[in-house]
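**Q** I would like the atomic coordinates for the input below:
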Amino acid sequence: MLSKTGRAAIVLTAFFAFSGAGFWIHAILYTGRPAPPQTVTAPVQGADTLQSAFVSVAERVRPAVVHIGTVQVARSRRPPAMPGPFADDPAFKDFFDQFFGRGPGRREEFHQPGLGSGVIIDKRGYVLTNLHVVRGADGVTVRLASKEEFRGRVVGTDAKTDLAVVRFEPTVPLTVASLGDSDTLRVGEWAIAIGNPFGLDQTVTVGVVSATGRSDVGIATYENFIQTDASINPGNSGGPLVNLKGEVIGINTAIVATGQGIGFAIPANMVRRITSQLIDRGRVTRGWIGVAMQPLTPELAQALGLPDTHGAVVARVYPGSPAAAAGLQQNDVIVTFESTPVDDYHHLQRLSADAEVGTAVAVGVVRSRERRTVQLTIAEAPDRVGADGQTPRR
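**A** Residues are numbered from 1 along each chain as shown. The predicted model follows:
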């Protein structure tokens, strides 16, 4: 009989023997086998998909983006070379023409070149751009992505939205950009700006939609801007802001010079209505109800017995206007326009401007803490309203 110590030694020896054999068997079986193939992780696949989307949009939209060149003939009058009572004498003029090449007070002309961007919206050669790109131009040129250059002409402008339409006669088939639905935009969506900053043609920059419905920017009368951090620089004006579907969601218009990554674009749905009128008749017709409005502040809302600041306060009713005929009064608060809740006075301004001239609309009003509905007929907005409140005849 073995002692307990002997039996323990035999058990330990057997354990180590089996363990060693196991390691040897594992080494024999698995040594030399190839490593299992590595699979592509989901984040890498997502990055490739996103990159492909950006590349696809750029390839599809860039041919529709054009370079707008303008030339303005600036005229200046030089002061007389010899001031005095004889400066305008013909004999003195002939003398200075002969020896100095110009007479005193002669007008000089010089060209001021400008640059901007545009996007082709019709195969007939219609290009959408900003008014400030072509304002005052004596000549307009349109250069395609293929470097072909055409003489253009301005067919219509709208100062209240800073939009313009230029037309050229194409000799080649054109790539046309399509306008998307800007009302469905969400903050955080990708935004791609394409244009010619500082004359660098066909530049693509990427960012996101930073905000929508921006107003009080001080750029145009009717403001409902898309804010983006996609890089926009001088020369980008008039170029498109595009979504990942390749649809134009806005027209790049302005930047905040003192900030970084703050650019503004006119939304496509506003652009669509304006450009159709500019192409059809060269001008824009807007609706008008005939009131001057002011913001509804929290203090004013409380004083008028309103639960919030949604609405627009009537500051003045113009004589002879639709509002006057409907009985609207100063300090009325307009809260709905054809069943659409009014967010603020900018919103009401856009709603009335987009309404068809001659149509009857129901306007919800709060007066003396009581809600009522009035009917008024939309009139055509005058070019201006005089200081006396009268609208000038066309």
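
**Q** how about stretch 288-302: buried residues?
**A** Using 16 or more other CB atoms under 10 Å as the burial criterion, the residues of stretch 288-302 that qualify are Trp288, Ile289, Gly290, Val291, Met293, Leu296, Leu300, Ala301. Where you see a C-beta, it was placed from the backbone N, CA and C, and this is true even at glycine.

**Q** Same check on stretch 252-262?
**A** Asn252, Thr253, Ala254, Ile255, Ile262.

**Q** quick one: which of those residues is nearest to Ser276?
**A** Among these, Thr253 lies closest to Ser276 (CB to CB), at 19.0 Å.

**Q** doesn't that closest one fall inside a strand?
**A** Yes. Assessed with DSSP: H, G, I helix; E, B strand; the rest coil, Thr253 lies in a strand.

**Q** residue contacts, it?
**A** By CB atoms under 8 Å, 6 or more residues apart in numbering, the residues touching Thr253 are Asn130, Asp162, Ile219, Phe225, Ser237, Gly238, Phe264, Ala265, Ile266.

**Q** Locate the last one within the secondary structure: which element?
**A** So that's Ile266. strand 263-267 (DSSP states H and E).

**Q** Which strands border that strand, and is each parallel or antiparallel?
**A** strand 225-228 (antiparallel), strand 248-255 (antiparallel) (DSSP bridges).

**Q** Please name whichever of the ones you listed is nearest to Val208.
**A** For those, the distance to Val208 is smallest for strand 225-228, at 6.9 Å, taking CB to CB.

**Q** Would you mind checking the average pLDDT for that closest one?
**A** For strand 225-228, mean pLDDT rounds to 96.

**Q** If you tally nearby residues, what's the number for Gly358?
**A** Burial of Gly358 is recorded as 10 neighbouring residues (other CB atoms under 10 Å).

**Q** The closest residue to Glu247 other than its chain neighbours and Ile289, how far apart?
**A** Counting by CB to CB, 6 or more residues apart in numbering, Glu247 lies nearest to Gly180, which is 3.0 Å off, once chain neighbours are set aside. Distance of Gly180 to Ile289, given as CB to CB, to the nearest Å: 30 Å.

**Q** nearest to Ser368, of the strands paired with strand 263-267?
**A** Of these, nearest to Ser368 by CB to CB is strand 225-228, at 36.0 Å.

**Q** Bridge partners for the residue nearest the centre of the chain, pull those for me.
**A** Nearest residue to the geometric centre of the chain (CA atoms, centre = their mean): Ala265, 1.3 Å. With DSSP bridges applied, Ala265 shows beta-bridge pairing to Ile226, Asn252.

**Q** can you pull the contacts of it?
**A** Neighbours of Ala265 in contact, by CB under 8 Å, 6+ apart: Phe225, Ile226, Thr228, Leu241, Ile249, Gly250, Ile251, Asn252, Thr253.

**Q** got the contact list for Ile251?
**A** Counting by CB under 8 Å, 6+ apart, Ile251 has contacts 119, 128-130, 163, 238-241, 265-266, 268, 271.

**Q** Out of these, flag the one nearest to Gly46.
**A** Gly46 lies nearest to Leu241 out of these, by CB to CB, at 23.7 Å.

**Q** ok, so of the contacts of Ile251, who is nearest Ala312?
**A** Using CB to CB, the contacts of Ile251 come closest to Ala312 at Ile266, 22.1 Å.

**Q** picking that back up, among the contacts of Ala265, give me the pair with the biggest separation.
**A** Ile249 and Thr253 (13.0 Å).

**Q** quick one, phi/psi of Arg350?
**A** phi -70, psi -40 (degrees, to the nearest 10).

**Q** That one and Tyr222 touch, don't they?
**A** Yes. The criterion here is CB atoms under 8 Å, and Arg350 meets it with Tyr222 at 6.1 Å.
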